[in-house]
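Trainee: Sequence first, predicted model second:
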Amino acid sequence: MDFELSPEQKMLKKMVRDFAEKEISQWVAPLSEGEPLPIEHHRALAELGLLGLCLPVEYGGGGRPALDAILAIEQLIQVALQASALVMTANTGPARIIEKYSSPQLKARYLPQVAKGEILIAPGMTEADAGSALTDLQTRAVLKGDHYVVNGAKIFQHTDADFFLTYVRLTEDKGAQGIGALLIGKDYPGFSIGSRQEFMGIKSPRGEIVFDSCMVPKENLVVKPGEFRRLMGSFNLERCGNAASCLGLAQKALDLACEYSKQRKQFGKEICEFQAVQFMLADMALRVEAARLLIYRAVANAGMGFPSPLEASLAKCFANEMVREVAGLALQVHGGYGYSKEYSIERIFRDAWGWGVAGGTIQIQKINIVSELLGKRLKQRG
């Protein structure tokens, strides 16, 4: 069992970190919190190979394993959520589902554009009455001639995306049996952006996307009805991207707390000399390293594919709880300054809470974990 990164992965990690600190930090400096990066910066990330890192070589990608994307996300989020989100979406999100399950024509048309930073494909999943209970979704797609006609709405969506891998009900079958996925462009007739939504943290353009008899070419079918398990299986990789975001934030919080504890003086000495502060720093380091091992194991075992449900849920659940605890301890080490918007810890603390809600809540992950341990599906319905 080898716990060492390969020489190539160590180089990737250093390259991403150096680029983030020297270049990306300058990109985001004039932006408000969560303001998207201009398209030229998307292309700069693409030129580094980060947007196509794990996509197949034949579509302009790097053909690298999932762990490489996790390493990049972990480094980028410490400097700019806007950059890490782009890499996460391209390498652990909808593009990977298109790669695995769509037609050769769709792959050839859209994956090279993702790798070049020309388009952003976001998921279209959550509805007002279908969040954790995703199989309750009501967005309906009916095939008429050479187009699907889609009606419904999604909430909490990344509204500045160019395309949405949209989970829809393709048949009248109840539950998961009738659900599949279509790739829907923002410029398709009948597509519109609805109400905007503002969150406490993880700031980005979010809101409602609306389909009013939206016309979608039938060749944009990515996942057929009855293959919902495929969609959720691939979602395990996105969960590891979520966990990597938590890991990066927690590592940044720990680094800031260590640095601050050596600078801040009280009672005539640095606060790192006090045992109470030492215990907090040690607890933070323990949690960060434990999360790192769970996340790396899940994606390393996945190789070029998708992580197992158990390992993905263990990693996400632990990382989601860990980042909240670590961010809270880091804020406490900073004292009153940590609660001030002048210090990065305040933003990290707000962002930390969102990851345990997004991508399947902490409680849903625990249900998944027990289901895998018992080897049976645990029904939540009466």
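Mentor: That came in fine, so what should we check first? On a predicted model such as this, the values are computed, not experimentally measured, just so you know.
Trainee: Residue 191 against residue 183, yeah?
Mentor: No - Residue 191 lies out of contact with residue 183 (Cβ atoms under 8 Å); the separation is 12.0 Å. The way it works is simple: take the backbone N, C-alpha and C, and place the C-beta from them, glycine included.
Trainee: Which one's more surrounded, these two?
Mentor: residue 183 (24 against 19; other Cβ atoms under 10 Å).
Trainee: Return the residues in contact with that one.
Mentor: Residue 183 makes contacts with 98, 102, 106, 110, 121, 163-166, 216, 220, 222, as judged by Cβ atoms under 8 Å, 6 or more residues apart in numbering.
Trainee: what are the ranges of the helices in the stretch 251-382 of the chain?
Mentor: 275-302, 309-334, 344-354, 362-374 (DSSP state H, counting those that start in this stretch).
Trainee: Is it correct that residue 33 is in contact with residue 201?
Mentor: No - using Cβ under 8 Å, residue 33 makes no contact with residue 201, being 9.1 Å away.
Trainee: Give the intersection of the neighbour lists for those two.
Mentor: In contact with both residue 33 and residue 201: residue 347, using Cβ under 8 Å, 6+ apart.
Trainee: ok, how many other residues are close to residue 304?
Mentor: 10.
Trainee: how about the contacts of residue 183 in a markdown table, adding pLDDT and secondary structure?
Mentor: Shown next, in a markdown table, are the contacts of residue 183 (pLDDT from 0 to 100; DSSP: H, G, I helix; E, B strand; the rest coil):
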| residue | pLDDT | secondary structure |
| --- | --- | --- |
| 98 | 96 | helix |
| 102 | 95 | coil |
| 106 | 96 | helix |
| 110 | 98 | helix |
| 121 | 97 | strand |
| 163 | 98 | strand |
| 164 | 97 | strand |
| 165 | 97 | strand |
| 166 | 97 | strand |
| 216 | 98 | strand |
| 220 | 98 | helix |
| 222 | 96 | strand |
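Trainee: Most neighbours of all those residues, which one?
Mentor: residue 166 (29 neighbours).
Trainee: okay but that residue is in contact with residue 179, surely?
Mentor: No - Residue 166 is not in contact with residue 179 according to Cβ under 8 Å; the separation is 10.8 Å.
Trainee: how about the strands in the stretch 1-150 of the chain?
Mentor: Assigned strands in the stretch 1-150 of the chain, in chain order: 121-124, 140-144, 147-158 (criterion: DSSP state E, counting those that start in this stretch).
Trainee: In contact with the residue lying closest to residue 59 once chain neighbours are set aside, which residues?
Mentor: Excluding the flanking residues, the one nearest residue 59 by Cβ to Cβ, 6 or more residues apart in numbering is residue 111, at 3.8 Å. With contacts defined as Cβ under 8 Å, 6+ apart, residue 111 is in contact with 52, 55-56, 59-61, 95, 98-99.
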